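J.: turn this into a model:
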Amino acid sequence: MDMIKGKRWYFFPAMAVGVVTFFAVLSFKGHPPLEEMFEQSKLVEVIPLKQSSIVAQVDAFGRVTPKVQWQLLPEVGGKIIYKHPDLAVGKMLPKDTLLLSIDPLDYQIRLAQAQADRKSLEGQLAGKKLQLENLKLSLDIETSRYELVRSDLKRKETLRKKNLISQSELDGERQNVLAQKQKIQELNNNLNLMPNETDVLEAQLQQAVAREEEAQSQLDKTEIRQPFGGRVSEVNVENNQVVAPQQVLARINGTEIMEVEAQLSLADLMTLMKTVDKSAITNKQLPNAEALGLTAEITLKSAAYVFKWPAKISRIGETVDPTLATVSVVLQVEQQYRELKIGQSPPLVNGMFVSARIKGSAKDYWMVAERALHGDKLYLMDSQGRLQLIDVTVLFRQEGYAAVQGEFNDKMKLVLTDVIPAVSGMALRSQSTNRNATSDIGGVVQ
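T.: Sure thing, here's the model as predicted:
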């Protein structure tokens with residue numbers, strides 16, 4: 001019992017020494033080093049953002065049609081007595097080729113009758129001219145005779161007063177004066193009627209000449225010639241067939257100028273219109289599609305070949321397709337069949353389905369890769385290395401790139417990495433790439 005009490009006495013001093021030692025160690029030991037806190041940045045791929053001179057272009061599709069399409073419509077009827085042996089579908093015929101001949105016999109008879117009527121009236125007019133001259137001469141003669149008869153009457157009146165002649169002889173002389181006066185009156189009446197008769201004959205002659213010209217025109221129309229060089233697309237006539245006027249006998253298409261009616265959406269059309277020089281549409285003249293400065297190219301493409309033709313804008317449709325909400329743009333392509341190289345470039349023919357690329361004028365745009373767009377926003381890194389979320393408007397898209405409009409400048413860099421989550425102002429670390437934002441666009445103007 002005494003031994004246990006002795007051990008308790010040693011415990012408390014030892015515990016006190018341990019506590020004192022612990023506090024001494026804590027007082028002489030320094031504070032642990034403090035680590036500085038820093039903001040974590042995200043590694044992203046960026047490229048420079050700058051404006052480039054770009055030719056805006058849109059693609060459309062359409063079918064080729066000839067600009068000139070001629071229907072063979074005879075203006076006279078009758079029996080076909082000649083048909084050109086090459087008047088067949090697909091044949092090429094040169095200008096002024098005699099295609100068809102209609103039996104001309106009826107029209108030759110009409111022409112002969114009209115010519116006879118004209119000659120008859122011309123003879124009557126010539127007779128009227130001679131008659132007019134004869135009347136004038138007769139009037140002069142009868143007027144002179146009248147003067148003589150009046151002189152005789154005066155002389156016999158003097159003789160009667162002297163009772164040298166009888167009253168009956170004087171009366172007879174007076175009757176001669178009256179008769180001569182009547183002749184002069186009849187001649188004057190005939191002369192007054194002569195202009196009216198001449199006018200009637202001249203009017204009848206004009207009608208006869210018109211009938212002759214009409215008969216000659218109808219006779220000429222019995223031979224139908226091709227007005228231009230072209231390709232036959234349809235034939236509906238054979239030899240010895242009786243045809244009527246205005247009956248469609250054949251169709252021939254021109255080959256020199258072909259057209260493509262391409263359908264553009266309203267958005268694409270507005271994209272092209274934004275590149276047009278304002279002076280071309282603000283002058284006092286009516287707007288002309290050819291003056292808008294647009295260029296075009298027609299392409300025929302398949303798995304084995306690609307052929308291209310330069311084209312020009314001919315006209316723009318005046319209405320909008322209510323179903324597709326598109327506007328037609330008509331392109332023209334000129335081609336010379338004689339200069340075509342067989343096996344290297346085919347001709348454009350009716351019904352061929354082609355694509356059309358229409359280009360506007362070169363202008364400066366902010367071009368970004370499609371994958372850099374996040375809806376209507378762009379991720380940009382500013383000069384302080386902070387993320388900026390910028391609202392943009394897409395003007396047009398072209399070959400994997402988009403022309404955009406927004407509140408940014410060329411000091412910013414375009415973030416290509418899809419940042420998740422994207423918080424405006426977050427710190428970024430750039431991993432630059434040497435690619436230019438528009439290096440792959442075919443429409444870049446160097």
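J.: for stretch 75-95, the distance to its chain's centre please.
T.: When distances are taken as C-alpha atoms, centre = their mean, to the nearest Å, stretch 75-95 is centred 31 Å away from the chain's centroid.
J.: how about residues contacting it?
T.: Contacts of stretch 75-95 with the rest of the structure, by C-beta atoms under 8 Å, 6 or more residues apart in numbering, involve 97-104, 106-107, 218, 221-222, 226-235, 237-247, 250, 252, 255, 337. In short, each C-beta sits where N, CA and C put it, glycine included.
J.: let's see which of those residues end up in helices.
T.: Among those, the members falling in helices (DSSP state H) are 106-107, 218.
J.: in JSON lines: these, plus distance to Lys91, neighbour count and pLDDT.
T.: Supplementary listing: the ones in helices among the contacts of stretch 75-95 in JSON lines, determined by distance: C-beta to C-beta, whole Å; neighbours: other C-beta atoms under 10 Å; pLDDT from 0 to 100:
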{"residue": "Asp106", "distance to Lys91": "31", "neighbour count": "17", "pLDDT": "93"}
{"residue": "Tyr107", "distance to Lys91": "29", "neighbour count": "21", "pLDDT": "93"}
{"residue": "Gln218", "distance to Lys91": "28", "neighbour count": "19", "pLDDT": "93"}
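J.: out of these, who's nearest Leu269?
T.: Gln218 (49.9 Å; C-beta to C-beta).
J.: please pick the buried ones from the contacts of stretch 75-95.
T.: With neighbours counted by 16 or more other C-beta atoms under 10 Å, the contacts of stretch 75-95 contain buried members at 97, 99-104, 106-107, 218, 222, 226, 229-233, 235, 237, 243, 250, 252, 255.
J.: which parts of the chain are helices?
T.: 2-28, 105-161, 167-220, 266-273.
J.: out of these, deepest packed?
T.: Among the helices of the chain, the stretch with the highest mean neighbour count (mean count of other C-beta atoms under 10 Å) is helix 266-273, at a mean of 16.
J.: what packs against it?
T.: Applying 3 or more C-beta pairs under 8 Å, 6 or more residues apart in numbering; DSSP states H and E, we find helix 266-273 packed against strand 51-66, strand 326-334, strand 353-369, strand 387-398.
J.: what's the angle from that helix to strand 353-369?
T.: Using axes from the mean of the first three to the mean of the last three C-alpha atoms, to 10 degrees, the inter-axis angle of helix 266-273 relative to strand 353-369 is 70 degrees.
J.: any idea how far helix 266-273 is from the chain center?
T.: With C-alpha atoms, centre = their mean, you get 18 Å for helix 266-273.
J.: need the CA coordinates for that helix. CSV is fine.
T.: C-alpha atoms of helix 266-273 as CSV (Å, rounded to 0.1, in the frame of the first residue of the first chain):
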residue,chain,number,x,y,z
LEU,A,266,-34.3,34.8,-101.0
ALA,A,267,-31.4,34.7,-98.4
ASP,A,268,-28.9,33.8,-101.1
LEU,A,269,-30.2,36.5,-103.4
MET,A,270,-29.9,39.1,-100.6
THR,A,271,-26.3,37.9,-100.0
LEU,A,272,-25.4,38.6,-103.6
MET,A,273,-27.3,42.0,-103.6
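J.: now it against strand 326-334, angle please.
T.: Using the same axes, to 10 degrees: helix 266-273 against strand 326-334 is 50 degrees.
J.: my read is that Arg429 contacts Lys42, right?
T.: Yes. Checked against C-beta atoms under 8 Å, the pair Arg429 and Lys42 is within contact range at 6.7 Å.
J.: neighbour count winner among the two?
T.: Legend: neighbour count by other C-beta atoms under 10 Å for Arg429 and Lys42, higher for Lys42 (15 against 12).
J.: roughly how far does the more buried one sit from Ala427?
T.: Note on Lys42: its distance to Ala427, by C-beta to C-beta, to the nearest Å, is 7 Å.
J.: if we can go back for a sec, let me have the helices and strands packed on helix 266-273 in TSV, adding distance to Gln263, mean pLDDT and mean neighbour count as columns.
T.: Converted to TSV, those look like this (distance: least, C-beta to C-beta, whole Å; pLDDT from 0 to 100; neighbours: other C-beta atoms under 10 Å):
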stretch	distance to Gln263	mean pLDDT	mean neighbour count
strand 51-66	6	87	19
strand 326-334	4	90	20
strand 353-369	9	87	19
strand 387-398	17	84	17
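J.: ok, which of those strands comes nearest Lys136?
T.: strand 51-66 (67.4 Å).
J.: show me how far the closest one is from its chain's centre.
T.: 16 Å.
J.: so which elements touch that strand?
T.: Using 3+ C-beta pairs under 8 Å, 6+ apart: strand 51-66 touches strand 257-265, helix 266-273, strand 353-369, strand 387-398.
J.: only alpha carbons, please: show the longest one as CSV.
T.: Extracted C-alpha coordinates of strand 353-369, given in CSV (Å, rounded to 0.1, in the frame of the first residue of the first chain):
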residue,chain,number,x,y,z
PHE,A,353,-29.3,19.3,-115.6
VAL,A,354,-26.4,21.5,-114.3
SER,A,355,-25.3,23.4,-111.3
ALA,A,356,-24.7,27.1,-111.3
ARG,A,357,-22.4,29.1,-109.1
ILE,A,358,-23.1,32.8,-108.9
LYS,A,359,-20.5,35.2,-107.5
GLY,A,360,-20.8,38.7,-106.3
SER,A,361,-18.2,41.4,-105.9
ALA,A,362,-15.2,41.1,-103.6
LYS,A,363,-15.7,42.7,-100.1
ASP,A,364,-14.1,42.5,-96.7
TYR,A,365,-15.7,40.0,-94.3
TRP,A,366,-15.0,38.5,-90.9
MET,A,367,-14.7,34.8,-91.9
VAL,A,368,-14.7,32.0,-89.3
ALA,A,369,-14.8,28.3,-89.5
